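1. generate coordinates for the sequence data below:
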Amino acid sequence: MERELALEIVRVTELAALASAPWLGRGDKNSADGAATSAMRSMFDTVSMKGTVVIGEGEMDEAPMLYIGEEVGSGNGPELDVAVDPLEGTEIVAKGLNNALSVIAVAGKGNLLHAPDMYMEKLAVGPELAGKLSLTDPLELTLQKAATHLHKKVSDLTVMILDRTRHESMIKTLRKVGVRIKFLSDGDVAGAMAPAFPEAGIDLYVGSGGAPEGVLAAAALRCLGGELQGRLMPSDGNEYKRCVEMGIEDPYRVLTMDDMIGTDDVIFAATGVTPGEFLGGVRYLSEQRAETHSIVMRAKTRTIRFIRAIHYLPNKKLLNELD
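-> Below you'll find the predicted structure:
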């Protein structure tokens, strides 16, 4: 992939974040998501690539744009798999909470897993624990191993998990062994990325979340030197069949990073919509300006760029057309 593509992709997440930010705290998650999706789709037309959406807003008959199989980009340039979440954390924006992102990952054609829309059990870690833990181990053993490798007491570990009733058993185990727990209301991608940022103070991310978000997080962690292991959780025969139809012969096996994002290069970009663990949110300034904070990374070079941009809103033609 051309390295210039990284900066082109981050321009797409910036516009999506700017489009959804006006809906902050207004209690309307659908409008926030719709604004981000429309902006992202429009901006993709300016990117030099032949992209195919493999993770998007749903099937063709479920989503008006950025649906699975949709072609995006200018039509010139490399053939790429594209994974998107125009607004990761729609409920977050509706309620005015933290950790909402606009997210894109791109990789060479055929590399990204066509993840079905279902839950995935996840274990995400930063560089220090990459390759040293296993999703197949009981949680208590995983925590003991993590503490040993990090030269910490188990009680000094900090574990992040989504605050969901389905996690009651895991939370009881975490309480039992005495780790610190940081609950996440929403924002599965940001949560899985957190262990790779020392300033976030998170050692592990555990629990279940969306499978498509797992692939996006795996792309980010490949660039950051971390690791995500996943295991799909089909709830019935129809979901099991869906996995097989999408090329996952054994839906219950542990999926590695290579399974989810391939072995070639991958580019990941995210722009904060609301403040989070490692990115600031959209901030409105005087004189019709807005500030965005983004991260864009490339696995091949392991280069991580944090971009602070000031946008003069009247000159954002695509954004104004959406308004």
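2. pLDDT below threshold where in the stretch 1-150 of the chain?
-> Confidence mapping of the stretch 1-150 of the chain against pLDDT under 70 gives the ranges 1, 60-61.
3. what about 90?
-> 1-4, 58-64 (pLDDT under 90).
4. just the strands in it please.
-> 50-55, 71-72, 79-88, 101-108, 119-125 (DSSP state E, counting those that start in this stretch).
5. could you dump those strands into TSV and include mean neighbour count?
-> Every residue, glycine included, has its C-beta placed from N, CA and C. Listed next are these as TSV, based on neighbours: other Cβ atoms under 10 Å:
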stretch	mean neighbour count
strand 50-55	22
strand 71-72	18
strand 79-88	26
strand 101-108	28
strand 119-125	25
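6. out of those strands, nearest to Phe44?
-> strand 71-72 (4.1 Å; Cβ to Cβ).
7. could I get the strands of the stretch 1-150 of the chain as CSV with distance to Gly187?
-> Listed next are the strands of the stretch 1-150 of the chain as CSV, based on distance: least, Cβ to Cβ, whole Å:
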stretch, distance to Gly187
strand 50-55, 17
strand 71-72, 24
strand 79-88, 6
strand 101-108, 7
strand 119-125, 13
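8. now do Glu277 against Ile104, distance only.
-> Noted for Glu277: a distance of 19 Å to Ile104, by Cβ to Cβ, to the nearest Å.
9. domain map for this protein?
-> Here the domain parsing of the chain from the TED database is 4-110+265-321, 119-261.
10. list the buried residues in stretch 148-157.
-> Within stretch 148-157, the residues scored as buried using 16 or more other Cβ atoms under 10 Å are 150, 157.
11. who's in contact with that stretch?
-> Residues outside stretch 148-157 that contact it (Cβ atoms under 8 Å, 6 or more residues apart in numbering): 128-129, 132, 143-144, 146-147, 177-180, 203-204.
12. just the closest of those to Asp188, please.
-> Closest approach between the contacts of stretch 148-157 and Asp188, by Cβ to Cβ: Leu204, at 14.5 Å.
13. who's in contact with that closest one?
-> 123-125, 129, 133, 142-143, 146, 157, 159-160, 195.
14. again with Glu287
-> Contacts of Glu287 (Cβ under 8 Å, 6+ apart): Tyr312.
15. what's it sitting at in phi/psi?
-> phi 60, psi 40 (degrees, to the nearest 10).
16. cool, the one 5 residues further on as well?
-> Comment: the main-chain dihedrals of Thr292 come out as phi -120, psi 150, following degrees, to the nearest 10.
17. mind checking how far the spatially most central residue of the chain is from Gly89?
-> Centroid check for the chain by Cα atoms, centre = their mean gives Val189 as the closest residue, at 3.4 Å. For Val189, the distance to Gly89 equals 9 Å [Cβ to Cβ].
18. quick check: closest non-adjacent residue to Val198.
-> Val isn't right for residue 198; it's Pro. The shortest distance from Pro198 to any non-neighbouring residue, by Cβ to Cβ, 6 or more residues apart in numbering, is to Gly126 (7.6 Å).
19. OK, contacts around that neighbour?
-> Taking Cβ under 8 Å, 6+ apart, we find Gly126 in contact with 195-198, 203, 224-226.
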